[in-house]
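>>> Build me a model:
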Amino acid sequence: METITKRDLVVQIADQSGLTQHQVFDVLQLFLDNVTQHLSQQHEVVLRNFGTFEIRVAKAKVGRNPNDPEKDVPIPARCVVKFRPGKELKDRVGAIPPKK
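Residues are numbered from 1 along each chain as shown. Predicted coordinates for the structure are as follows:
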């Protein structure tokens, strides 16, 4: 599986749109900054046909220290970002044949 970076996306979008890479980078960074800001304010971010970013609370639990498995390590409750893919994304990813 190949990894696509923000830089890869900027180059690809710039080639497809005719915008400069600098313009595309600025727009992409503004998009990411705005998504981050809204999530940090506990707002749900819905991108139709792509998916939904939402904040959920992970319950407090007891973990183990791998270096000292006898000791319990309390892990406090915390907020985490969850992503739920939209129908179109689910369908496209679901159509990929699994590798053997």
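>>> Show the contacting residues for the residue nearest to Val46 when sequence neighbours are not counted.
Closest residue in space to Val46, ignoring its immediate chain neighbours: Thr52 at 4.9 Å, by CB to CB, 6 or more residues apart in numbering. Bear in mind the C-beta positions are built from the backbone N, C-alpha and C, glycine included. With contact taken as CB atoms under 8 Å, 6 or more residues apart in numbering, Thr52 is in contact with 44-46, 83-84, 86.
>>> If any of those are buried, put those into a ChimeraX selection.
A single ChimeraX command selects the buried members of the contacts of Thr52 (16 or more other CB atoms under 10 Å):
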select :45
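>>> Inside helices: which ones of the contacts of Thr52?
Counting by DSSP state H, these place none of their members in helices.
>>> Asp26 is in what secondary structure piece?
For Asp26, the host element (DSSP states H and E) is helix 21-40.
>>> So which other helices or strands are in contact with that helix?
helix 6-17, strand 45-47, strand 51-58 (3 or more CB pairs under 8 Å, 6 or more residues apart in numbering; DSSP states H and E).
>>> So which residue is smack in the middle of the protein?
Phe83 (6.5 Å; CA atoms, centre = their mean).
>>> Could you report the separation of it from His22?
28 Å (CB to CB, to the nearest Å).
>>> What of Val46?
29 Å.
>>> Need the per-residue pLDDT for the residue of the chain positioned farthest from its centre.
For the chain, the C-alpha farthest from the mean C-alpha position belongs to Glu70; by CA atoms, centre = their mean, that distance is 34.5 Å. On pLDDT, Glu70 comes in at 87.
>>> Look at Val10 and say how many residues are nearby.
21 (other CB atoms under 10 Å).
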